[in-house]
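Peer 1: next one to model:
(chains A and B)
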Amino acid sequence: MRSGRTWHDRHLGYLFVLPATLMLVAVLIFPAFLTLKFSVTPEGGSGWNLTLIHYQNAFRDPVLLQTFKNTFSFVAWSLVGHFVLGLGLAMALNQALPGQTFFRLVALIPWTIPDVVAGIIFRWFLNPVSGAMNPLIRTFIPSFPADFSWLSNPTLAFPSVIFANVWRGYPLVMVMLLAGLMAIPRELYEAAEVDGAGRLKQFFHVTLPGLSTIILIALALDMVWEFRRFALVLTMTGGGPGTLTEVLSTLVYKTYFQFFTFEYASAMAILMSVVLFILSLPYIILVGRER
Amino acid sequence: MKGMAHGSAKQERRLDAVMSYALLTLSALFALLPVAWMLSTSLKTEAEALSLPVRWIPKQATLQAYGEMWTLKPFGLYFWNSIVVSGVTALLSTAVGALAGYGFSRFRFRLRTTLMAGFLATQMISGVLVIGPYFQILAAVDLYNTLTGLIIAYVTICLPFAAWMSKGYFDSIPKELDEAGLVDGASRLQIFLRIIMPIAVPGTVTTLLFAFLLAWQDLLWALCLISIDEKRTVTLGVAFTVGEFIIKWPMLTAASLIGSLPTIILYLFLQRFYVEGLARGAVKG
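Peer 2: A predicted model of the protein is given here:
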């Protein structure tokens, strides 16, 4: 009986885990290796006649370099927006004021809207002729042009996409930080008050240290998600005007399925994933350390 | 002196409350305006949606667009496809994920931590890394343009978080129950199915709903694996409508809103579980 149990514990576990593992290998791991192989295969070639030409091209490709830059600033500004709005709102909600449940649910709504739809909403909201944005601005600044075209303006198209993405993504950071804030014991604030610490000091000496882990987890996770963001950009601008709002996901998608240069697209996908892997290390380490 | 300090603290608190309400009201406007604009457009006639000056409240609200989406475009079919794909994905990924979660929770095998870390790491993979070859594989086995091909992809994407989430729930169920079952001569699989799963129903339902939502919202995989109209999902239908030369905005906004209802309702209900899961490694992108 006893040895049977030990055998079970050693080997039966594999049987339970096997179906999921096989599916992950078949649908994610194996295709990922194929992508890697495509990326070193000459265009239209097959077999094991390998080349690094696609990577050499990639490093000289101005569109790809521009898209990397775009993606980084997309991620960075989205994170800043999510964090500032998320922390501000979480602190406002944490005061247990009357009506806070209502405000929390309303603040969560952008998060519940699928990416595809969020892109469409903003495309229509910013429409130069019949959209809501220009009339809204003109109620405050009457001299603002009535037909200002946000998404075809080379300077403002990209900030507009980031704006939409801030709208879409701040609620999740907010709820995570709110959960963190609620876990900070009130006594810590009372003790700080007795010590004569003002609001600002309390914020820096009680709130921020108490939140540090959850802030890191939230931002580490958000970074990965924003780096992969696809549907919002695709439906809002499709990457345009030109390639000004292109991000890596949309560029790789187009290179595969619109330009049909499979091998080059694979090299791009690999480069993107290497960066993504580096960006996801913080989350994996943080979650690993937590348990 | 003490009274003064008390008074100023009270004042500060009132100021906090005023500032909080100001911030909350502004943010509520920020959150709601785009959605309200979509709702308003969906209640307009096409002529009014394009007429100037722009109105927030339709002059004559109409449900016309909510009718047109089923007749001018086959949104009924798109919804049916989405329901099938998301429903099957939810059931399969939760079942297979729960098996793995039970394995991780109850057995101490050699590759356990490695595999768990591996599952976690696969959640970070971007779909665009694997979509090209996956598309070719599906085409080779005649599953391109089928809901089955899409379901296999979604189930796999959902597996890691389903496994991690269910492991969390199983960990909270005492192991003594398993041991009592073993003493009674039940097999491990019987114990899993008859003793543990019934207790884990609330957690399982949450996992089901999250998997459903993930499949429901996806655009990337559907876009790359489906090219015929009869197999389009709601997100795909919406995305194609916005790409058309002449966009019927009332119909598009109506379809977008109806298509968002499942996610709006379920996410508002599930938000707490979601946040708990994130901190534990059950990530759903």
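
Peer 1: C-alpha from now on. contacts and neighbour counts both.
Peer 2: Fine.

Peer 1: list the contacts for the residue nearest to A:Met268 when sequence neighbours are not counted?
Peer 2: Distances taken as CA to CA, 6 or more residues apart in numbering or on different chains place A:Val252 nearest to A:Met268, at 6.4 Å, with adjacent residues excluded. Counting by CA atoms under 8 Å, 6 or more residues apart in numbering or on different chains, A:Val252 touches A:265-266, A:268-269, B:128.

Peer 1: so which of those are in helices?
Peer 2: Judged by DSSP state H, those include A:265-266, A:268-269, B:128 as members of helices.

Peer 1: how many other residues sit next to the closest residue to chain A within chain B?
Peer 2: For chain B, the residue closest to chain A is B:Ala100, as judged by CA to the nearest CA, at 4.1 Å. Neighbours of B:Ala100 under the rule other CA atoms under 10 Å in any protein chain shown: 28.

Peer 1: distance of it from B:Asp171?
Peer 2: According to CA to CA, to the nearest Å, B:Ala100 and B:Asp171 sit 13 Å apart.

Peer 1: how about B:Pro74?
Peer 2: For B:Pro74, the distance to B:Asp171 - CA to CA - is 45 Å.

Peer 1: buried set for the helix or strand where B:Val84 lies?
Peer 2: In this assignment (DSSP states H and E), B:Val84 forms part of helix B:75-106. Of the residues in helix B:75-106, B:75, B:77-79, B:81-106 count as buried by neighbour count, 16 or more other CA atoms under 10 Å in any protein chain shown.

Peer 1: hang on, the earlier thing: which helix or which strand is home to the residue nearest to A:Met268?
Peer 2: Here A:Val252 is assigned to helix A:248-257, by DSSP H and E.

Peer 1: now that helix: average pLDDT?
Peer 2: Per-residue pLDDT over helix A:248-257 has a mean of 95.

Peer 1: for that helix, C-alpha coordinates in PDB please.
Peer 2: What follows is helix A:248-257, C-alpha atoms only, in PDB (Å, rounded to 0.1, in the frame of the first residue of the first chain):
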ATOM      1  CA  LEU A 248       4.700  45.000 -33.800                       C
ATOM      2  CA  SER A 249       1.600  42.700 -33.600                       C
ATOM      3  CA  THR A 250      -0.100  44.500 -36.500                       C
ATOM      4  CA  LEU A 251       3.100  44.600 -38.600                       C
ATOM      5  CA  VAL A 252       3.800  40.900 -38.100                       C
ATOM      6  CA  TYR A 253       0.200  40.000 -38.900                       C
ATOM      7  CA  LYS A 254       0.300  42.100 -42.100                       C
ATOM      8  CA  THR A 255       3.700  40.700 -43.200                       C
ATOM      9  CA  TYR A 256       2.300  37.200 -42.900                       C
ATOM     10  CA  PHE A 257      -1.200  37.500 -44.200                       C
END
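
Peer 1: so for the nearest residue to B:Thr25 once chain neighbours are set aside, what's the pLDDT?
Peer 2: Leaving aside its chain neighbours, B:Thr25 sits nearest to A:Phe103 (7.9 Å; criterion: CA to CA, 6+ apart). Note on A:Phe103: pLDDT of 92.

Peer 1: give me the neighbour count for A:Phe103.
Peer 2: Other residues within reach of A:Phe103 by the criterion other CA under 10 Å amount to 19.

Peer 1: related to what we said a few turns ago, and the helix holding B:Val84, what does it pack onto?
Peer 2: With contacts defined as 3 or more CA pairs under 8 Å, 6 or more residues apart in numbering or on different chains; DSSP states H and E, helix B:75-106 has these neighbours: helix A:13-24, helix B:147-171, helix B:201-217, helix B:234-242.

Peer 1: deepest of the ones you listed, which one?
Peer 2: helix B:147-171 (a mean of 25; mean count of other CA atoms under 10 Å in any protein chain shown).

Peer 1: mind listing what's buried in the helix or strand following it?
Peer 2: Later in the chain than helix B:147-171, the nearest helix or strand by DSSP H and E is helix B:176-183. Residues of helix B:176-183 classed as buried by neighbour count (16+ other CA under 10 Å): B:178, B:181.

Peer 1: run through who's touching helix B:176-183.
Peer 2: With CA under 8 Å, 6+ apart, helix B:176-183 has contacts from B:187-188, B:191, B:195-196.

Peer 1: that helix vs helix B:75-106, what angle?
Peer 2: Put simply, helix B:176-183 runs at 80 degrees to helix B:75-106, going by axes from the mean of the first three to the mean of the last three CA atoms, to 10 degrees.
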